[in-house]
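**Q** what follows is a predicted structure for the sequence shown.
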Amino acid sequence: MYDSEENTITVNCKSANLTDIDNQLKDPDILHRETYDNVWLLNTNIVVAEDATLYINSTDTSWLKIAADEKTAYEIRVLGGLKID
């Protein structure tokens, strides 16, 4: 789920990865796979809800870039689980 007012993606399913999120959003301004080498650019916050897990691993990600500028820095806030490999 994406909330444009808060610039936040909320992962509230049992498990998801960046490809799953991208397939749901279909908005390259928010999350974009830059190359076929699984390099992603994230232009928003992600919140991982309780009882949910976000996987960032080699099955679909070689590098996750999180956009930031002088005014905005995005975050990944974890209330559930985050597994990075």
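**A** It's in. All figures in this text were calculated on a predicted structure; none of them were measured in a lab.

**Q** going on from the worst-scoring helix or strand of the chain on mean pLDDT, what's the next piece of helix or strand?
**A** Across the helices and strands of the chain, mean confidence by mean pLDDT, DSSP states H and E is lowest for strand 2-3: a mean of 70. Counting by DSSP states H and E, the next helix or strand C-terminal to strand 2-3 is strand 8-11.

**Q** which other helices and strands contact that following strand?
**A** Judged by 3 or more CB pairs under 8 Å, 6 or more residues apart in numbering; DSSP states H and E, strand 8-11 is in contact with strand 2-3, helix 18-25, strand 45-48. Bear in mind the C-beta positions are built from the backbone N, C-alpha and C, glycine included.

**Q** can you list contacts of that strand?
**A** With contact meaning CB atoms under 8 Å, 6 or more residues apart in numbering, strand 8-11 is reached by 1-3, 21, 25, 30-31, 44-49, 52-54, 80.

**Q** quick one, which of those residues are buried?
**A** For those, a neighbour count by 16 or more other CB atoms under 10 Å gives the buried set as 2, 21, 25, 30-31, 44-49, 52-54, 80.
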